[in-house]
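Visitor: Okay, here's the prediction I keep looking at, along with the sequence it came from:
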Amino acid sequence: MSTASLVASCSATACAFNDGGCTAYAITVGGSSDKANCVTFVALDARAAISSENGQVGTCHRLECVHNADLLCTAGEITVSDTADCLSYEVA
Ligand code: SF4
Ligand code: SF4
């Protein structure tokens, strides 16, 4: 049984879940075959109430990423850019 990967850092400060880091309980990573991005990103005039920076990858659609196993991220932790891209995305 694998554990979810942490969002170690996220630079997308426009996201309502960003409060010095990702506070979303579980993010979803989607995107396209040349780019993985956090589809939980949302720009709202609010900040999520959970104030600990403990975001995790709930699921990831990028099956071609070397870290993906059955829609789960096995990287351990990921880094997310200011444009909400998964910087840990890697295709063999
Ligand atoms: S990882 Fe996604 S949900 Fe979390 S703060 Fe960054 S863009 Fe928002
Ligand atoms: S490292 Fe790969 S499997 Fe993990 S969230 Fe990013 S794109 Fe998905």
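Guide: Nice, thanks for sending it over. Ligands and ions are numbered 1, 2, ... in the order given.

Visitor: for stretch 17-32, how far is the first residue from the last?
Guide: 22 Å (C-alpha to C-alpha, to the nearest Å).

Visitor: Buried residues of that stretch, list them for me.
Guide: 17, 18, 19, 21, 22, 23, 24, 27, 29, 30, 31 (16 or more other C-beta atoms under 10 Å). Glycine gets a C-beta too; all of them are placed from N, C-alpha and C.

Visitor: Specify which member of those is nearest to ligand 2.
Guide: residue 29 (4.1 Å; C-beta to the nearest ligand atom).

Visitor: Tell me which helix or strand comes right after the helix or strand harbouring the closest one.
Guide: For residue 29, the host element (DSSP states H and E) is strand 27-32. Downstream of strand 27-32, the next assigned helix or strand under DSSP H and E is strand 35-38.

Visitor: Which helix or strand lies directly C-terminal to that following strand?
Guide: strand 57-60.

Visitor: Could you see whether ligand 2 lies near whichever helix or strand comes after that next one?
Guide: Remark: after strand 57-60, the chain's next helix or strand is strand 68-69, criterion DSSP H and E. Yes: with C-beta under 6 Å from any ligand atom as the criterion, ligand 2 is reached by strand 68-69 at residue 68.

Visitor: can you give me the mean pLDDT across strand 68-69?
Guide: When pLDDT is averaged along strand 68-69, the result is 97.

Visitor: Can you list the strands that that strand pairs with?
Guide: strand 72-73 (antiparallel) (DSSP bridges).

Visitor: what about the strand it pairs with and ligand 2, any contact?
Guide: Yes: in terms of C-beta under 6 Å from any ligand atom, part of strand 72-73 sits within range of ligand 2, namely residue 73.

Visitor: Tell me which helix or strand comes right after that strand.
Guide: Heading C-terminal from strand 72-73 (DSSP H and E), you reach strand 77-80.

Visitor: List the buried residues in that following strand.
Guide: Buried residues in strand 77-80 (16+ other C-beta under 10 Å): 78, 80.

Visitor: Just give me how far that strand sits from the chain centre.
Guide: Distance of strand 77-80 from its chain centroid, counting by C-alpha atoms, centre = their mean, to the nearest Å, is 6 Å.
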